[in-house]
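Enquirer: could you look at this predicted model? Sequence included:
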Protein chains: 2
Amino acid sequence: MPSDSGGERTPVTQRAVERIKAMISGGEVGPGERLPTERDLSAQLGVSRSSMREAIRALTTLGVLESRHGAGVYVTALRPADLLETFSVLAEVSQGHTLLEVLQVRRMLEPAATALAAARADARDLERIGALLEHMDGTAAMDCGGLRAGARLVGEGSDGGVLDTAGADLGFHQAIVASTGNATLAAINDGLSSRTFNARVWAGHREAGLTAELHEDHERIHEALVARDPDAARAAATVHVLRVERWLRTDLARSGGSGD
Amino acid sequence: MPSDSGGERTPVTQRAVERIKAMISGGEVGPGERLPTERDLSAQLGVSRSSMREAIRALTTLGVLESRHGAGVYVTALRPADLLETFSVLAEVSQGHTLLEVLQVRRMLEPAATALAAARADARDLERIGALLEHMDGTAAMDCGGLRAGARLVGEGSDGGVLDTAGADLGFHQAIVASTGNATLAAINDGLSSRTFNARVWAGHREAGLTAELHEDHERIHEALVARDPDAARAAATVHVLRVERWLRTDLARSGGSGD
DNA sequence: TGCGCCTAATGGTCGGACCAGTTTGGTCGG
DNA sequence: CCGACCAAACTGGTCCGACCATTAGGCGCA
């Protein structure tokens, strides 16, 4: 981020972005607080409202600001989850080779996170994780048609079993990472997973008749958690991610090497 | 991703964002390709140019689009580095407790990444890493006096010693992670580091007369890499991150417990 | 006192105008 | 014939003013 001094001409909007950033990091406005109206801000910084709005839009998509129609523009809580929401785009757009890279990162994070969770999770966490595990088994067992608890989140007309199981799977892992007490870690890990990818994994394993293996992985992880055994938890998580990674490799090889 | 059906009134701009996203994921426009002019797009989607520009701005900050003044709007290569550029905001804005969480994540990633680098780095990588190490020593040695606290965020005219050393430090670690060949990993790790934080770390260590320890950490890591010893590399990286984490803990305790 | 309406404030959208770079094609000179 | 130069036509960047949609808060009525 070089300074604007020198012959470089910085676009007006970008300058506005940095001014607002400065207002925040300078303590002029704190998390949750409201900043001046768009009209005031634009006048104050000497730019048009259009440019100011684009600046605000940029900071909004970054998760730093939040606009409420008719009410004003507010600074978010600036929690990691707010700032890392944009992360999901990676999992959304990535394909082929990049997905392998994402899984490689997960292979570094999830074992460590799961081990940490084994040491830190309290009774409530464990109970919640156990419940999600049971729910996952339920949706996986009933195969299709049945109560789809959180299917709304997936939107569209969910095709039942696979999506639900995938969603429960996602929730299971998210609950584990969340129980480490590290919100940043949780936000990053969430960003590395996506419903659509999880659904692909489950559909692929079901096709190959390997859902039992996935189920066993989860059981193993859960047991390690309740036993408060970090080493076992790390190993179980590693095995699980490796299994998914291996599946992705074969799947990519089969569907053509249009990687990258 | 929820559909706009139902009573929900989706803001026009957001709809435009999703339309463009659909154009990309639908293959209508591929990475690197140029999409219609703002005027055409706004007419095509039935929105004003202002709204279309805000939509483009949003996708630009997400790293999906890139607009070139006078030339047109282009889809980026959609490489992880493009999508994860927004990540740096986390390290920029985070304070107190969140910084500790970030370091905890780095403690999971960097050892694994450094170990991987020890196995994968080729001669050129090692040469580059070595050069950065020497450069770091050089800038650190000149030690132009005048230690001052108070981190001006993003210095105007670089302040010489501390900033340069911090920058070289950053480059050193980035080069290591980059030599794993995993661009996604590199992008994430880069996002977890920031120049301003690094500068604080170096300033703090210099004050305490502990720059020698940092230097020794780097030497140890470098030696492990040239020796192609993953275990040693993992250990050295862990020690290094732990040292920084410990410093941050004391620094936070000293400057008041206004965590979070 | 309490509820409901109404007004003012604020973000959201629109259309047009003009400025600032880029591209492109033609023209001129060698 | 070829290359450099220049100007006109795009294209994104900025600004302005108006109006719509939603919210918040005050005011009056029961």
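Expert: The structure has been received and is ready for your questions. The structure presented is a predicted model; accordingly, all values stated were derived computationally and were not measured.
Enquirer: residues of chain A that sit close to DNA strand D?
Expert: A:11-14, A:46-51, A:54, A:68-71 (CB under 7 Å from any atom of the strand). Where C-beta positions appear, they are placed from N, C-alpha and C, glycine not excepted.
Enquirer: which of the residues you listed lies closest to B:His240?
Expert: Using CB to CB, A:Gln14 is the member of those that sits closest to B:His240, with 34.7 Å.
Enquirer: neighbours around the closest one, how many?
Expert: 14 (other CB atoms under 10 Å in any protein chain shown).
Enquirer: grab the nearest non-local neighbour of it.
Expert: Leaving aside its sequence neighbours, A:Gln14 sits nearest to A:Ala55 (CB to CB, 6 or more residues apart in numbering or on different chains; 7.7 Å).
Enquirer: can stretch A:172-185 be found next to chain B?
Expert: Yes - Stretch A:172-185 is in contact with chain B by CB under 8 Å from any CB of the partner chain, via A:Asn182, A:Ala183, A:Thr184, A:Leu185.
Enquirer: spatially, which two of those residues are the most separated?
Expert: Largest separation among those by CB to CB: A:Ala183 and A:Leu185, giving 7.3 Å.
Enquirer: find residues that contact each of these two.
Expert: B:Glu101 (CB atoms under 8 Å, 6 or more residues apart in numbering or on different chains).
Enquirer: so between those two, which is more surrounded?
Expert: Between A:Ala183 and A:Leu185, counted using other CB under 10 Å, the more crowded position is A:Leu185 (23 against 18).
Enquirer: from what I can see the more buried one touches B:Val105, true?
Expert: Yes - judged on CB atoms under 8 Å, A:Leu185 makes contact with B:Val105 at a distance of 5.2 Å.
Enquirer: any shared contact partners between these two?
Expert: With CB under 8 Å, 6+ apart, A:Leu185 and B:Val105 have common neighbours A:Leu109.
Enquirer: how much space separates A:Pro58 from A:Trp202?
Expert: Quick fix: residue A:58 reads Ala, not Pro. Distance, A:Ala58 to A:Trp202, using CB to CB, to the nearest Å: 37 Å.
Enquirer: circling back to that earlier point, any idea which of the residues of stretch A:172-185 next to chain B is closest to DNA strand C?
Expert: Taking CB to the nearest atom of the strand as the measure, DNA strand C lies nearest A:Ala183 of the residues of stretch A:172-185 next to chain B, at 26.5 Å.
Enquirer: list the contacts of the closest one.
Expert: So A:Ala183 contacts A:Arg79, A:Pro80, A:Ala81, B:Thr98, B:Glu101 (CB under 8 Å, 6+ apart).
Enquirer: okay, those residues in CSV with neighbour count and distance to B:Gly191 next?
Expert: Output for the contacts of A:Ala183, formatted as CSV (neighbours: other CB atoms under 10 Å in any protein chain shown; distance: CB to CB, whole Å):
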residue, neighbour count, distance to B:Gly191
A:Arg79, 16, 16
A:Pro80, 23, 12
A:Ala81, 18, 15
B:Thr98, 21, 14
B:Glu101, 22, 14
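Enquirer: closest to A:Met136 out of these?
Expert: A:Ala81 (23.3 Å).
Enquirer: is the host helix or strand of A:Arg39 up against DNA strand C anywhere?
Expert: In this assignment (DSSP states H and E), A:Arg39 forms part of helix A:38-45. Yes - looking at helix A:38-45 against DNA strand C by CB under 7 Å from any atom of the strand, the contacts come from A:Glu38, A:Arg39.
Enquirer: then A:Ser67 would be within a strand, right?
Expert: Yes - assessed with DSSP: H, G, I helix; E, B strand; the rest coil, A:Ser67 lies in a strand.
Enquirer: pLDDT at it, what is it?
Expert: Listed pLDDT for A:Ser67 reads 98.
Enquirer: who does it form a beta bridge with?
Expert: Legend: beta-bridge partners of A:Ser67 under DSSP bridges are A:Val73.
Enquirer: ok so, going back, would you turn the residues of stretch A:172-185 next to chain B into TSV with pLDDT?
Expert: Converted to TSV, the residues of stretch A:172-185 next to chain B look like this (pLDDT from 0 to 100):
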residue	pLDDT
A:Asn182	95
A:Ala183	94
A:Thr184	94
A:Leu185	95
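Enquirer: in helices, which of these appear?
Expert: A:Ala183, A:Thr184, A:Leu185 (DSSP state H).
Enquirer: what separation is there between A:Leu78 and DNA strand C?
Expert: Computed as CB to the nearest atom of the strand, to the nearest Å, the A:Leu78 to DNA strand C distance reads 18 Å.
Enquirer: what about that residue, how many residues nearby?
Expert: A:Leu78: 21 neighbours (other CB under 10 Å).
Enquirer: repeat that for A:Glu28.
Expert: Residues within reach of A:Glu28, counting by other CB under 10 Å, total 11.
Enquirer: secondary structure class for the nearest residue to it once chain neighbours are set aside?
Expert: Once flanking residues are discounted, A:Glu28 sits nearest to A:Ala22: 7.9 Å by CB to CB, 6+ apart. Under the three-state scheme (three-state DSSP), A:Ala22 adopts helix.
Enquirer: which residue does chain A have closest to DNA strand D?
Expert: A:Gly70 (2.3 Å).
Enquirer: how about that residue, phi and psi?
Expert: Main-chain torsions, A:Gly70, degrees, to the nearest 10: phi 80, psi -10.
Enquirer: mind pulling up the pLDDT for it?
Expert: pLDDT, A:Gly70: 96.
Enquirer: try A:Asp260
Expert: For A:Asp260, pLDDT reads 46.
Enquirer: now A:Leu153
Expert: 39.
Enquirer: check contacts around the closest residue to A:Val93 other than its chain neighbours.
Expert: In space, and not counting its chain neighbours, A:Val93 is closest to B:Leu78: 5.6 Å by CB to CB, 6+ apart. Taking CB under 8 Å, 6+ apart, we find B:Leu78 in contact with A:Val93, B:Pro31, B:Val64.
Enquirer: do A:Ala237 as well
Expert: By CB under 8 Å, 6+ apart, the neighbours of A:Ala237 are A:Glu110, A:Pro111, A:Ala113, A:Thr114, A:Ala115, A:Ile221.
Enquirer: okay if I get the residues you listed as a markdown table plus distance to DNA strand C and neighbour count?
Expert: Below are the contacts of A:Ala237 laid out as a markdown table (distance: CB to the nearest atom of the strand, whole Å; neighbours: other CB atoms under 10 Å in any protein chain shown):
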| residue | distance to DNA strand C | neighbour count |
| --- | --- | --- |
| A:Glu110 | 37 | 26 |
| A:Pro111 | 42 | 23 |
| A:Ala113 | 36 | 28 |
| A:Thr114 | 40 | 28 |
| A:Ala115 | 43 | 24 |
| A:Ile221 | 42 | 26 |
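Enquirer: if we check chain B, which of the residues you listed are in contact?
Expert: Answer for these near chain B (CB under 8 Å from any CB): A:Ala113.
Enquirer: on that earlier part again, and of the ones in helices among the residues of stretch A:172-185 next to chain B, the nearest to chain B?
Expert: Set against chain B, the nearest of these by CB to the nearest CB is A:Thr184 (3.8 Å).
Enquirer: count of residues packed around that closest one?
Expert: 24.
Enquirer: with adjacent residues omitted, what lies nearest to A:Gly191?
Expert: A:Phe87 (2.9 Å).
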